[in-house]
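S.K.: next come a sequence and a model predicted from it.
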Amino acid sequence: MAGRVSTPGATVVSRALSLLFAFDDQHRRLTLTELASRADLPLPTAHRLVGELVTGGALSRRSDGRYVVARRLWSVGLLAPLPSGLRETAGPFLNDIHAATRATVHLAIREGIRTLYLERLTGRASVPIISTVGSYLPLHSTGVGKVLLAHAPADIQEEAMTQLTRFTPHTITHAPRLTRQLVEIRDRGYATTTEEMTLGACSIAVPIRPTGPDGPVVAAIGVVVPNL
């Protein structure tokens with residue numbers, strides 16, 4: 001489970017954090033019972049702590065009884081430091097790409113073996129996709145993710161190769177094939193996908209190197225278009 005801390009001597013803070021960490025991309029709205037289960041906490045303890053989190057503005061309770069992350073906590077999350085003001089620096093370039101294509105434009109970074117989406121611009125020509133600002137997706141199935149994976153340390157690549165989930169019939173789940181593709185991405189300087197995360201969608205992505213063409217890759221910019 002996402003926030004498992006059922007260990008002797010667990011502090012109140014660790015238990016509260018386990019409730020917050022119970023939320024993820026696939027679990028955005030949770031009942032009290034679901035929160036207690038995913039945090040591995042007794043229901044009475046979860047009930048007390050969730051009540052305090054709601055009072056403190058970290059969680060909100062919807063009319064159907066489910067709990068969601070509150071806007072105050074989201075605002076705090078936006079204060080997390082990013083490499084050299086990445087969103088602000090990349091913003092004008094994202095806007096230019098979006099204006100030229102009217103397609104979905106992404107800005108993403110790598111966190112572990114996942115892609116974290118920092119920005120998403122959409123337009124009339126955009127195709128339906130599942131990414132949202134602040135969401136995570138695997139590295140192996142998107143354009144921005146493949147760019148980040150291609151330039152990730154060897155241990156990250158090895159770990160990612162053990163978790164090649166299939167999302168569509170076109171998702172690459174054969175590790176040797178993906179390894180060869182990562183070499184090609186590094187050689188040519190960009191990545192592409194064809195319906196590997198979402199049917200009907202293709203993407204192209206490039207790395208961001210703030211210190212020059214030979215510097216480290218800190219992020220990726222990608223464009224998602226229909227597969228015509």
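M.R.: Happy to help now that I have it.

S.K.: from now on I want contacts and neighbour counts done on CA atoms only, so please keep to that.
M.R.: Noted.

S.K.: skip the chain neighbours and tell me the closest residue to R186.
M.R.: Nearest residue to R186 in three dimensions, chain neighbours excluded: A150, at 6.4 Å (CA to CA, 6 or more residues apart in numbering).

S.K.: next, the contact list for A220, please.
M.R.: For A220, the residues meeting the contact criterion (CA atoms under 8 Å, 6 or more residues apart in numbering) are 106-109, 144-145, 147-148, 205-208.

S.K.: which one of these is nearest E196?
M.R.: Using CA to CA, G145 is the member of the contacts of A220 that lies nearest E196, at 11.5 Å.

S.K.: who touches the strand or helix carrying the closest one?
M.R.: With secondary structure defined by DSSP states H and E, G145 is part of helix 143-150. If you take CA under 8 Å, 6+ apart as the criterion, helix 143-150 is touched by 106-110, 113-115, 137-140, 156-157, 182-183, 185-186, 190-193, 203-207, 217, 219-222.

S.K.: swap the cut-off to 7 Å and go again
M.R.: The list of residues contacting helix 143-150 from outside it, by CA atoms under 7 Å, 6 or more residues apart in numbering, reads 108, 110, 115, 138-140, 157, 182, 185-186, 190-193, 203-207, 219-222.

S.K.: can you report how many residues lie near S14?
M.R.: Burial of S14 is recorded as 15 neighbouring residues (other CA atoms under 10 Å).

S.K.: report the distance from whatever helix or strand it lives in to the chain centre.
M.R.: Secondary-structure assignment from DSSP H and E places S14 in helix 12-20. Here helix 12-20 shows a centroid-to-chain-centroid distance of 22 Å under the convention CA atoms, centre = their mean, to the nearest Å.

S.K.: which other residues reach the helix or strand that comes right after the helix holding G145?
M.R.: Where DSSP H and E defines the elements, the next helix or strand beyond helix 143-150 is helix 154-161. For helix 154-161, the external contacting residues (CA under 7 Å, 6+ apart) are 112-113, 149, 175.

S.K.: hmm, try it at 10 Å
M.R.: 112-114, 138-140, 148-152, 173-176, 178-179, 182 (CA atoms under 10 Å, 6 or more residues apart in numbering).

S.K.: now the residues you listed: which count as buried?
M.R.: Among the contacts of helix 154-161, those classed as buried by neighbour count (16 or more other CA atoms under 10 Å) are 113-114, 138-140, 148-152, 173, 175, 178-179, 182.

S.K.: of those residues, just say which sits nearest to W74.
M.R.: R114 (19.6 Å).

S.K.: dihedrals phi and psi, the residue lying closest to that closest one once chain neighbours are set aside?
M.R.: Spatially, and ignoring its direct neighbours in sequence, R114 is nearest to P138 (4.7 Å; CA to CA, 6+ apart). The main-chain torsion angles of P138 are listed as degrees, to the nearest 10 and equal phi -60, psi 160.
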